[in-house]
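Peer 1: Sequence first, predicted coordinates after that:
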Amino acid sequence: MTAEILTNAQMAAADNFAVMAGTPSLALMENAGRAVADAVAARFAPCVTAILCGPGNNGGDGFVVARLLAARGFDVRVAAFDSTKGDAAAMADKWTGAVLPLSPRALDGAALVVDALFGAGLSRPLEGAARDVVEALAEKKIPVIAIDVPSGISGDSGRPLDDVAVRANVTVTFFRKKVAHLLLPGRSLCGEIILADIGIADSALDLVRPTLFENTPLLWAADYPWPRPQAHKYDRGHCVVVSGPAHATGAARLAARAALRVGAGLVSVASPEEAVLVNAMQLTAIMVKPFAGADGLSDLLVDKRLGTVVMGPGLGLSIETRELVQTVLAGPPYKKVVLDADALSVFEDDPEALFNRLRPGASILTPHAGEFERLFPGLLDDSESKLEAVRLAASRCGAVVLLKGFDTVIARPDGWAAINANAPPSLATAGSGDVLAGLVAGLFAQGMEAGKAAAAAAWLHGDAAARFGPGLIAEDLPEILPETLAALRDSLGPSHPPPHLI
């Protein structure tokens, strides 16, 4: 399977495509129920299992699960609404056991619960008996297997529809993941996520044309800039990281080392004259290039080889920083820029002054939530989801936007987007964002398209952090990155350059 993420409407279209292609809808439901039953049996010994069935297709899946688990020796009790409809009614008719009213009493004595109430398509808060049983379930802390999406969570946003939602230990979904499986808080409420094949052909994707993807190497590996045997360092791009003043140079050096580690052929730190000595004492393979003020930086960047500029880490919130950013953006059109941290925040009072200077395809912004709010005030709160907010932001500013977090979202102005899900909590440490900016720039300098450069960098960043484990600090990330790159190369197989060419 590939890494597409589907909306509820796209998933419904994929279901319809399969039916029109000759797979009966009841067969799809049977396959879905079997996938859930298999997941249950693989993780739990036969036990008293309460299956909570809603009135629609999610409930129909639940009746299939009940029948199949009973056949495997589970002591199954089904609790359902008074009526079901469509395919769910047909599956309910195949269940020969008792059906209890949907109420908290259905949970008494249960060692396991299957949530087959509503799934991804719910559009309003839980109410009535469903709300009562979900509230009781939260108090009892019984293990839960959810079908599709835990009930009470919007499949399209990942947000609970109010303060009552199922917290699952395992969620089984079908064909492709939904937004709720990757965006917080839905992701944390899904537990382990199992993606099951239920007989929908991949050609359904040609109909729904998804523009949202889970950020895995499947998304960008074909474009990854592995070194070629005939290449030299100038073929691999030259990054320039603009340093802050003498007391705040570390962030720029972190970004610079990350850019070098990820493969940029040359990396320089453009240093204010007062900071040249402290930078030079800390750097070896990375060059130090002095400059004085905005005019000096402009003169430095006349060199066409200096193709990608990173600005923001450690620059400071000052008029000088704003002038430096404006100078770079007013420079030659072939310059690429990665803007982070202070290079974004200094435009809080006039974001349009930044947006109007950004060049499509040549600009990447990498804010955290606070910096995003300064540039796009209210957008996160007013949008249906973090995904929608980042897409709107990218469209508004005309650049790729990477909004950092446990569920990092990357979006291009054309609506293409990716959600990164491999970042461990240990990345919440000083300087890790500076390293990410350097990784983005290093890949951007080597010719990756802006959106894929940002996506690849986010994935590499998360994988490196996970490999290091507890105790991570930002300085560790560039040093562990070779392990990530070696594992990535090995995972891609013989269609990519063999080790002696890397």
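Peer 2: Everything's here; your move.
Peer 1: all helices of the stretch 401-502 of the chain, in order?
Peer 2: In the stretch 401-502 of the chain, the helices defined using DSSP state H, counting those that start in this stretch lie at 432-445, 450-468, 476-492.
Peer 1: Show the average pLDDT along the last one.
Peer 2: The reference is to helix 476-492. Rounded to a whole number, the mean pLDDT of helix 476-492 is 96.
Peer 1: Now do the strands in the stretch 51-200 of the chain.
Peer 2: Assigned by DSSP state E, counting those that start in this stretch, the strands in the stretch 51-200 of the chain fall at 75-80, 99-101, 112-116, 144-147, 170-174, 177-178, 192-196.
Peer 1: of those, which approaches residue 379 most closely?
Peer 2: For residue 379, the closest of those is strand 177-178, at 22.4 Å, according to Cβ to Cβ. For every residue, glycine as well, the C-beta is placed using N, CA and C.
Peer 1: what's that closest one packed up against?
Peer 2: Contact partners of strand 177-178 among helices and strands, from 3 or more Cβ pairs under 8 Å, 6 or more residues apart in numbering; DSSP states H and E: strand 5-6.
Peer 1: what element comes up after the strand it packs on heading to the C-terminus?
Peer 2: The first helix or strand that comes after strand 5-6 along the chain, using DSSP states H and E, is helix 8-20.
Peer 1: And the contacts of stretch 400-412?
Peer 2: Here stretch 400-412 makes contact (Cβ atoms under 8 Å, 6 or more residues apart in numbering) with 158, 182-184, 187, 215, 363-369, 372, 386-387, 389-391, 393-394, 413, 417-421, 423, 425, 433, 436, 440, 450-451, 454-455, 458.
Peer 1: Ends of it, what's the gap?
Peer 2: Taking Cα to Cα, to the nearest Å, stretch 400-412 runs 5 Å from one end to the other.
Peer 1: Quick one: mean pLDDT for that stretch?
Peer 2: 97.
Peer 1: What of stretch 194-210?
Peer 2: Mean predicted lDDT for stretch 194-210 stands at 96.
Peer 1: next one: stretch 138-156
Peer 2: 96.
Peer 1: looking at it, residue 65 is touching residue 39, isn't it?
Peer 2: No. When contacts are counted by Cβ atoms under 8 Å, residue 65 is not listed as touching residue 39 (9.5 Å).
Peer 1: So which of those two has more stuff around it?
Peer 2: residue 65 (32 against 20; other Cβ atoms under 10 Å).
Peer 1: quick one: the more buried one from residue 313, how far?
Peer 2: Separation of residue 65 from residue 313 (Cβ to Cβ, to the nearest Å): 51 Å.
Peer 1: One more: residue 239?
Peer 2: For residue 239, the distance to residue 313 - Cβ to Cβ - is 13 Å.
Peer 1: And residue 186, by the same measure?
Peer 2: 32 Å.
Peer 1: quick one, which of the two is more surrounded?
Peer 2: The residue with more neighbours, out of residue 186 and residue 313, is residue 313; 31 against 28, by other Cβ under 10 Å.
Peer 1: Once you drop chain neighbours, what's closest to that one?
Peer 2: Excluding its sequence neighbours, the residue lying closest to residue 313 (Cβ to Cβ, 6 or more residues apart in numbering) is residue 251, at 3.4 Å.
Peer 1: Please verify my assumption that that neighbour contacts residue 431.
Peer 2: Yes. Between residue 251 and residue 431 there is a contact under Cβ under 8 Å: 6.4 Å.
Peer 1: In terms of packing, which of the two has more residues around it?
Peer 2: Shown here are residue 251 and residue 431; by other Cβ under 10 Å, residue 251 has more neighbours (26 against 19).
Peer 1: residues near residue 377, how many?
Peer 2: Neighbours around residue 377, by other Cβ under 10 Å: 12.
Peer 1: now it, what's its secondary structure?
Peer 2: coil (DSSP: H, G, I helix; E, B strand; the rest coil).
Peer 1: Would you mind measuring from it to residue 402?
Peer 2: Counting by Cβ to Cβ, the gap from residue 377 to residue 402 is 19 Å.
Peer 1: Show which residues not belonging to stretch 476-490 make contact with it.
Peer 2: Residues contacting stretch 476-490 (Cβ under 8 Å, 6+ apart): 217, 221, 224, 226, 254, 257-258, 260-262, 432, 435, 438-439, 460-461, 463-465, 467-468, 496-497, 499, 502.
Peer 1: The same query, at a cut-off of 7 Å, please.
Peer 2: 217, 257-258, 261-262, 432, 435, 460-461, 463-465, 467-468, 496, 502 (Cβ atoms under 7 Å, 6 or more residues apart in numbering).
Peer 1: Neighbour-wise, give me the winner out of those residues.
Peer 2: Result: residue 258 is most packed of the contacts of stretch 476-490 (other Cβ under 10 Å), 32 neighbours.
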